[in-house]
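Participant: got a sequence here, can you model it:
(2 chains)
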Amino acid sequence: MTFAMFLEWFLKALILVLGLTVGFAYVTLFERRLLARMQVRIGPNRVGPAGLLQPVADAIKLIFKEELIPAKADKILFVLAPVLTVIPALIITGVIPLGPPIRLFGREIALQVANLNIGILYLLTVTAISIYGIALAGWSSNNKYSTMGALRATASMISYELALGLAYVGPVLLAGSMNINDIVTAQKPLWFVVMQPLGAIIYLIGANAEINRTPFDMPEAEHELTAGFLTEYSGMKFALFYMAEYIKMIAVSMIGASLFLGGYWGPGVSTYPWLGPIYLAIKVILLLFWFIWVRATWPRFRYDRMMAFGWKILFPLALLNVLVTALVIVLIGG
Amino acid sequence: MTPALLIFILLGIIAVASALAMLLSRNTVYSALFLILNFLAVAVIYILMGASFVALSQIAVYAGAIMVLVLFVIMLLGTQHLDPRETLKWQRPLAIVLTLALIIQGAYALITRYGFQYATLAASPEFVDPKNLGMVLFQKHSLPFEVTSVILLVAAIGAVVLTHKQKKDGGA
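Facilitator: I've put the predicted structure just below:
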């Protein structure tokens, strides 16, 4: 490994993490403005031009807030839990290609932190361990509401992870590879959402449950559980949970765009590779709009109905989707 | 000393220390977390061997699915703190004897097979590529694979039957 290679990897990882963090700040603003529009309000527009400095003001406010740790809490895990929640959110997008390879400073640079031949499995693995932060946050707070929130989060994530994992299988079968680069390249003629409409819908629902947003925000249902696993958190620790939620929202949008909406492909990418990241960003913003729209429109599920929906409707449908896709590929020949 | 060997030694220490911590901790939540750390360390050893598919499966299945359920049950039942006293007096001496037997057996097998030399083990090619692994699993070892799936199915049906009965007794 040469120094240039090391520097390239380091810079790519740094840019991705910083980009996601800035993205998080502005997705909060995007969401607040958009929700306000949908509810016929104006939303935050006072700090800076058109409210653009609102995330900065929020960050400063949260940094100066007093941090409380409950006396009966398990202190180590209470501090560790927000960190364990943020790390998976930050690393999951490492396998997503942001664009075709470009030439820069005489080097061929892939716009991707890691080109794994089992990228899909990496996505599943990181999603699977991302639950620990929330589960430990709830348990270590030593608070009934928090523990209830953590239990709900764990149960719902286990249930919806199955459907989500099966939704990944469709694009894998169509592309014949678990490498996300290959999956994106295979969508050059036709986006997979056309061949996998059911898979794409299951992915959207499963992803919505995975990031614990309305209508699946049972773990923090404020009317029943005050704030669920977030009840005892304040200051920057609270901000870290928020950061994880919004970064996960960006991450599932990037994954969805790469698996079903053709990733970075769009007209003109073959000749101008730098258009790739722009197309991906447009698709991600559209998906983010979708998630915010759903939050503004749908009421929260009742908890038992949500579990029943996951196990009795979504999971069998996802299985059926895999079966039909595999059959068609065997009969026609993918 | 190569960097790979250095990483391996570090991982080995983490794996052994977390396994010991899991056994010695009297708080079951911490035990579960140490076990997860142990699984992660072992998974990184697999990556070091070039078997990244096995490594990620290890994390997804053991650390991701099974341990989440274990943690869930611990939290649900509220049995975080174990009684500090020994409840089974004969357990400790028996465990020591059995562990020693296992260590001697393992050391004997390693020494007779590979001698005292150490080498960076590379995984055999069928574990590197997911396609090859699938081929081996479904063609060469299809019978054990299917038997395992039937055993898992039996366990799942058993769980369903158990909860069903409980509901009938409680409801009637």
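Participant: quick one: neighbours of the closest residue to chain A within chain B, just the number.
Facilitator: Here the residue of chain B nearest chain A is B:Gly64; by Cβ to the nearest Cβ that distance is 2.6 Å. (Glycine included, C-beta is placed from N, CA and C.) Using other Cβ atoms under 10 Å in any protein chain shown, B:Gly64 has 26 neighbouring residues.
Participant: wasn't it part of a strand?
Facilitator: No. With DSSP: H, G, I helix; E, B strand; the rest coil as the criterion, B:Gly64 is helix rather than part of a strand.
Participant: show me where chain A has helices.
Facilitator: Ranges of helices in chain A, per DSSP state H, are A:3-38, A:54-63, A:75-91, A:119-129, A:131-140, A:144-175, A:180-186, A:192-195, A:197-210, A:222-225, A:235-260, A:275-297, A:303-308, A:315-328.
Participant: in the first one, what's buried?
Facilitator: Of the residues in helix A:3-38, those buried by neighbour count under the rule 16 or more other Cβ atoms under 10 Å in any protein chain shown are A:8, A:12, A:16-17, A:20, A:23-25, A:27-34, A:36.
Participant: show me what it is packed up against.
Facilitator: helix A:54-63, helix A:75-91, strand A:107-111, helix A:235-260, helix A:275-297 (3 or more Cβ pairs under 8 Å, 6 or more residues apart in numbering or on different chains; DSSP states H and E).
Participant: next, the angle from the second one to helix A:3-38.
Facilitator: An angle of 100 degrees separates the directions of helix A:75-91 and helix A:3-38 when computed by axes from the mean of the first three to the mean of the last three Cα atoms, to 10 degrees.
Participant: for helix A:75-91, which helices and strands make contact with it?
Facilitator: Counting by 3+ Cβ pairs under 8 Å, 6+ apart, helix A:75-91 packs on helix A:3-38, helix A:119-129, helix A:131-140, helix A:235-260.
Participant: again, only this time at 7 Å
Facilitator: Helices and strands touching helix A:75-91, by 3 or more Cβ pairs under 7 Å, 6 or more residues apart in numbering or on different chains; DSSP states H and E, are helix A:119-129, helix A:131-140, helix A:235-260.
Participant: ditto for the longest one
Facilitator: Where contact means 3+ Cβ pairs under 7 Å, 6+ apart, helix A:235-260 is packed against helix A:3-38, helix A:54-63, helix A:75-91, helix A:144-175, helix A:180-186, helix A:192-195, helix A:197-210, helix A:275-297.
Participant: got the angle between the second one and helix A:3-38?
Facilitator: Think helix A:54-63. With the same axes, to 10 degrees applied, the angle from helix A:54-63 to helix A:3-38 works out at 100 degrees.
Participant: may I have helix A:54-63 exported as PDB, CA atoms only?
Facilitator: The C-alpha trace of helix A:54-63 is given here as PDB (Å, rounded to 0.1, in the frame of the first residue of the first chain):
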ATOM      1  CA  GLN A  54     -31.000  27.600  11.500                       C
ATOM      2  CA  PRO A  55     -29.000  24.300  11.800                       C
ATOM      3  CA  VAL A  56     -25.900  26.300  13.100                       C
ATOM      4  CA  ALA A  57     -28.100  28.000  15.700                       C
ATOM      5  CA  ASP A  58     -29.500  24.600  16.800                       C
ATOM      6  CA  ALA A  59     -26.100  23.100  17.100                       C
ATOM      7  CA  ILE A  60     -24.800  26.000  19.200                       C
ATOM      8  CA  LYS A  61     -27.900  25.700  21.500                       C
ATOM      9  CA  LEU A  62     -27.400  22.000  21.900                       C
ATOM     10  CA  ILE A  63     -23.700  22.300  22.700                       C
END
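Participant: ok and it relative to helix A:235-260, angle-wise?
Facilitator: With the same axes, to 10 degrees defining the directions, helix A:54-63 sits at 140 degrees from helix A:235-260.
Participant: tell me which parts of chain B are close to chain A?
Facilitator: B:29, B:52-53, B:56, B:59-60, B:63-65, B:68, B:71-72, B:75-76, B:130 (Cβ under 7 Å from any Cβ of the partner chain).
Participant: drop anything exposed from these.
Facilitator: Buried residues within those, counting neighbours by 16+ other Cβ under 10 Å: B:29, B:52-53, B:56, B:59-60, B:63-65, B:68, B:71-72, B:75, B:130.
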